[in-house]
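In: let's see this in three dimensions:
(one chain, ligands or ions: 3)
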Amino acid sequence: MSDLRELLARTLAAEGALVEPIEPDGLEIMAPPHVQQALALPEWSRVGFGPELPEQAARVSFESDWAERLERLLGERGRLARVFFQERPYPIPQQEFEKIVRREFVLQNATFRIGQVEEARACYLLLVFHVTASSDEKREDLAHLCINESNGALADGLAGPLLSHLRAEHYSEGMLQNDAVPAGACAAQQIRTGTAGLLIPKIRFQLSPFLAGMERRMARDLERLHVYHSDLRREAAKRLAERIRKGANTDVQRVDQMRLEAIEREYHAKVADLTRKYAMSVEVRFLQALRADMPVRRADLAVLRRKGSRQTHLDWSPIAKRLDHFPCEGCWTLPRIYCVCDDRLHLICPSCLSACPSCGKESCRACNPVKCSKCSHPWSGR
Ligand SMILES: [Zn+2]
Ligand SMILES: [Zn+2]
Ligand SMILES: [Zn+2]
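Out: Ligands and ions are numbered 1, 2, ... in the order given. Now for the predicted structure:
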């Protein structure tokens, strides 16, 4: 059975419809009134999913408006699922784990000490967003964020393995329908703030090929415009010079001068049109969240900078088989190497501790997100 057929059959059955599989790759449906209304179906209908349709069947696909119809049917339900993994599927030996921590958690201006290494439980929150970028073209995409709620680290590598693990294990029976917030979970406000910061660099990165294509098209159009108006300008200027040389009267010269100015105005207006045409807007809409409570291998860490020390921990998730990754506390990107600030021992990327362009002093962008603490120079692009 195709994924979509199974999804639709299960959803319809849960909504009180009578559903029978029919061949090839279809369903016969008797729908109650609220389902008829949400899915725009008659009481009795047949639908098909494959290249060949059963007799009298209408085609259902994700590319058509069926995703929206299903969303209409479900409303706010199904936004949050919770899954609880009892066992640790892939144990990792302690030595290997410590080696990974030392290899992947690299500090440029500080050191760290590994404290206790233990089996622990962590809640990961997988958030799925729908991203629509529009300029002269439109592009739709999904963005995933996977946050370890115990320390705010990111585990984006967990999204794919987590979803396929759930599919492979038919985990749906094990999913808790419990809305209670588990012990290790973050408060909603904290999630909202963190997500807003994390999504911007992520979406910027994800959209970079689309943005590059748009910039190429815009540069090509600007070049064409420039060449066309340069030719017009050159001809008009030549004509004016010719008239002056031949001693034409000032009225005739003024007409040519005005023509030259009109060409210039038209050029600037067309450049402004192009800038509007290619301006990109991005809309991000939250779709779904999955909270996965699972066993992890945890290393307690003491980050040491001068006389200061900061306690934190890093988890290794057995499903992603990877160590989590702290985002930079200044700009939310994922650095390969961290710097640590003197005041509050923030873990930041090197550019978030770089010298202020005005006074040349180092300033932590997590401690001072808006401007330099020494000379109040505002950070650009923030
Ligand atoms: Zn940074
Ligand atoms: Zn400064
Ligand atoms: Zn700081």
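In: and Gln36, what element?
Out: Counting by DSSP states H and E, the element that carries Gln36 is helix 33-39.
In: please name every helix or strand in contact with that helix.
Out: helix 66-74 (3 or more CB pairs under 8 Å, 6 or more residues apart in numbering; DSSP states H and E). In short, each C-beta sits where N, CA and C put it, glycine included.
In: what does the helix it packs on rub up against?
Out: 4, 8, 11, 15, 34-35, 38-40, 60 (CB atoms under 8 Å, 6 or more residues apart in numbering).
In: and after that helix, which helix or strand comes next?
Out: strand 80-84.
In: now, among the contacts of helix 66-74, which is nearest to Ser309?
Out: Of all the contacts of helix 66-74, Ser309 sits closest to Thr11, with 52.3 Å by CB to CB.
In: OK, contacts around the closest one?
Out: So Thr11 contacts 70, 73-74 (CB under 8 Å, 6+ apart).
In: could you dump those residues into a markdown table and include pLDDT, distance to ligand 3 and neighbour count?
Out: Formatted as a markdown table, the contacts of Thr11 follow (pLDDT from 0 to 100; distance: CB to the ion, whole Å; neighbours: other CB atoms under 10 Å):
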| residue | pLDDT | distance to ligand 3 | neighbour count |
| --- | --- | --- | --- |
| Leu70 | 86 | 46 | 19 |
| Leu73 | 89 | 48 | 17 |
| Leu74 | 86 | 43 | 14 |
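In: whichever residue of the stretch 1-150 of the chain sits closest to ligand 1: what's it in contact with?
Out: Nearest residue of the stretch 1-150 of the chain to ligand 1: Gln108, at 12.4 Å (CB to the ion). By CB under 8 Å, 6+ apart, the contact set of Gln108 is 337-339, 350.
In: next: Glu63.
Out: Contacts for Glu63 (CB under 8 Å, 6+ apart) come out as none.
In: which residues of the stretch 251-382 of the chain lie near ligand 1?
Out: Applying CB under 5 Å from the ion, one finds that the stretch 251-382 of the chain approaches ligand 1 through 328, 330-331, 349, 352.
In: assign a three-state SS to the residue in the stretch 51-200 of the chain positioned nearest to ligand 1, would you?
Out: Ligand 1 sits closest to Gly197 of the stretch 51-200 of the chain, with a gap of 10.6 Å, by CB to the ion. Classification of Gly197 using DSSP: H, G, I helix; E, B strand; the rest coil returns helix.
In: ok, now Cys359?
Out: Secondary structure for Cys359, judged by three-state DSSP, is coil.
In: please tell me how far it sits from Leu353.
Out: 14 Å (CB to CB, to the nearest Å).
In: just to revisit the earlier point, per-residue confidence at the residue of the stretch 51-200 of the chain closest to ligand 1?
Out: In this prediction, Gly197 carries a pLDDT score of 86.
In: ok, it touching Trp332?
Out: Yes. Gly197 lies in contact with Trp332 (CB atoms under 8 Å); the separation is 4.2 Å.
In: quick one, which of these two is more surrounded?
Out: Ranked by neighbour count (other CB atoms under 10 Å), Gly197 and Trp332 place Trp332 first, with 20 against 16.
In: ok, back up a step: would you turn the residues of the stretch 251-382 of the chain next to ligand 1 into TSV with neighbour count, pLDDT and secondary structure?
Out: Shown next, in TSV, are those (neighbours: other CB atoms under 10 Å; pLDDT from 0 to 100; DSSP: H, G, I helix; E, B strand; the rest coil):
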residue	neighbour count	pLDDT	secondary structure
Cys328	23	95	coil
Gly330	25	92	coil
Cys331	20	91	coil
Cys349	22	96	coil
Cys352	25	95	helix
